[in-house]
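> how would this look folded up:
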Amino acid sequence: MPAAAFLPTTASAAPLRFDSVDALRGLAMVWMTVFHFCFDLSHFGLWPQNFLGDPFWTWQRSAIVSLFVFCAGLGQAMALHQGQGWGRFRRRWLQIGAGALLVSAGSYLMFPRSFIYFGVLHGMAVMLLLLRPLAGSGAWLWPLGVLALGLPWGAEQLLNGPWAMAAPWFDSRLLNGLGLISHKPFTEDYVPVLPWLGVMCWGLAAGQWLLRRHPLRLAQPLGGVGRRLALLGRWSLSYYLLHQPVLLGLLALFMFLRT
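A predicted model of the protein is given here:
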């Protein structure tokens, strides 16, 4: 009997948590918290840094987003393997969509000129809708990911060259969520569909491959630090929405008390 047969594959089975995937997501959350804490220190003038131009920070930001989006693809592979229907998918998607609206509203209060209108939650909401129909693509998910990663580069060359007349349209808030832009917009967080859909496709492909080849190892419970990261990873959306208000509130209190 194949190893995958030991994992639940029907909607009636209780959803199985994969500690390794949750721990990877938890690791991304810890990294994100450290990154945002450093950003907040800079925002309050306690440790000025160039988060927009310094490669030390810009590469970290890209790596953190990549890890989150890759985990989202992995999660979809696990959910589909266990027979997640559209009803459960819709409930989770609505939670992500509501979270995106909260991020937009909160960031508008703090940064009205550069508020987040298409950040990581906005991007994930759109990408998940696009990813689910691609789940049956099998090995084609890998080249599809490459295509998604390469399209923004090609669009940038065209929009700064022969298609320059179309650049204002693609750079507008109405369309720049696609990621086919000539210049990055001025916003506190920007995670467009392209190229990040490519990373999510790779996460889905990797998850499907692992479920076929190493399902029992994938589902093996972790201990120690891994178990704590897995527990954190199970509450990723709630943590994401709450961690910045908590960090900013604590730093604002510190600034108030030191004056």
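> make it CA atoms for all contacts and neighbour counts henceforth
Noted.
> Which elements pack onto the helix or strand harbouring residue 197?
In the assignment (DSSP states H and E), residue 197 maps to helix 193-213. In this structure, helix 193-213 makes packing contacts with helix 55-81, helix 120-131, helix 141-159, judged by 3 or more CA pairs under 8 Å, 6 or more residues apart in numbering; DSSP states H and E.
> Nearest to residue 190 among those would be which one?
For these, the distance to residue 190 is smallest for helix 120-131, at 6.9 Å, taking CA to CA.
> Mind listing what's buried along the following helix or strand past the helix holding residue 197?
On the C-terminal side of helix 193-213, the closest following helix or strand by DSSP H and E is helix 215-219. Within helix 215-219, the residues that qualify as buried by neighbour count (16 or more other CA atoms under 10 Å) are 215, 216, 218, 219.
> from the middle of its chain, how far away would helix 215-219 be?
With CA atoms, centre = their mean, to the nearest Å as the basis, helix 215-219 stands 23 Å off its chain's centre.
> now stretch 67-81
Centroid separation for stretch 67-81 versus its chain: 10 Å, with CA atoms, centre = their mean.
> start the count at 32, not 1, going forward
From this message on, residue numbering opens at 32, which makes the last subject stretch 98-112.
> hmm, who's touching it?
The contact list for stretch 98-112 (CA atoms under 8 Å, 6 or more residues apart in numbering) reads 39-41, 46, 52, 55-56, 59, 155, 163, 166, 227, 230-239, 242.
> where does the stretch 182-290 of the chain dip in pLDDT?
Counting by pLDDT under 70, the stretch 182-290 of the chain contains no low-confidence residues.
> how about TSV for the buried residues of helix 246-250, with distance to residue 288 added?
Rendered in TSV, the data for the buried residues of helix 246-250 read as follows (distance: CA to CA, whole Å):
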residue	distance to residue 288
246	52
247	52
249	48
250	48
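> Closest to residue 66 out of those?
Within the buried residues of helix 246-250, the smallest distance to residue 66 is 28.4 Å, found for residue 249 (CA to CA).
> For residue 77, I want the exact helix or strand it lies within.
Assigned by DSSP H and E, residue 77 belongs to neither a helix nor a strand.
> before we move on, what about the one 3 residues further on?
Using DSSP H and E, residue 80 is not contained in any helix or strand.
> how far away is it from residue 215?
Taken as CA to CA, to the nearest Å, the spacing of residue 80 relative to residue 215 amounts to 20 Å.
> So between the two, which is more surrounded?
residue 80 (15 against 11; other CA atoms under 10 Å).
> Can you give me the distance of residue 188 to residue 110?
Taking CA to CA, one finds residue 188 at 38 Å from residue 110.
> ok, now residue 247?
Residue 247 sits 16 Å away from residue 110, going by CA to CA.
> Show me which of the contacts of stretch 98-112 are buried.
For these, a burial check counting by 16+ other CA under 10 Å picks out 39-40, 46, 52, 55-56, 59, 155, 163, 166, 227, 230-239, 242.
> Who's the closest spatial neighbour of residue 259, skipping the chain neighbours?
Taking CA to CA, 6 or more residues apart in numbering, and ignoring the residues beside it in sequence, residue 259 has residue 54 as its nearest neighbour in space, at 7.6 Å.
> Show me what the helix or strand harbouring that neighbour is packed up against.
When secondary structure is defined using DSSP H and E, the element that contains residue 54 is helix 50-74. Using 3+ CA pairs under 8 Å, 6+ apart, the elements in contact with helix 50-74 are helix 86-112, helix 246-250, helix 255-264, helix 267-289.
> 6 Å instead?
Using 3 or more CA pairs under 6 Å, 6 or more residues apart in numbering; DSSP states H and E as the contact criterion, the neighbours of helix 50-74 among helices and strands are helix 255-264.
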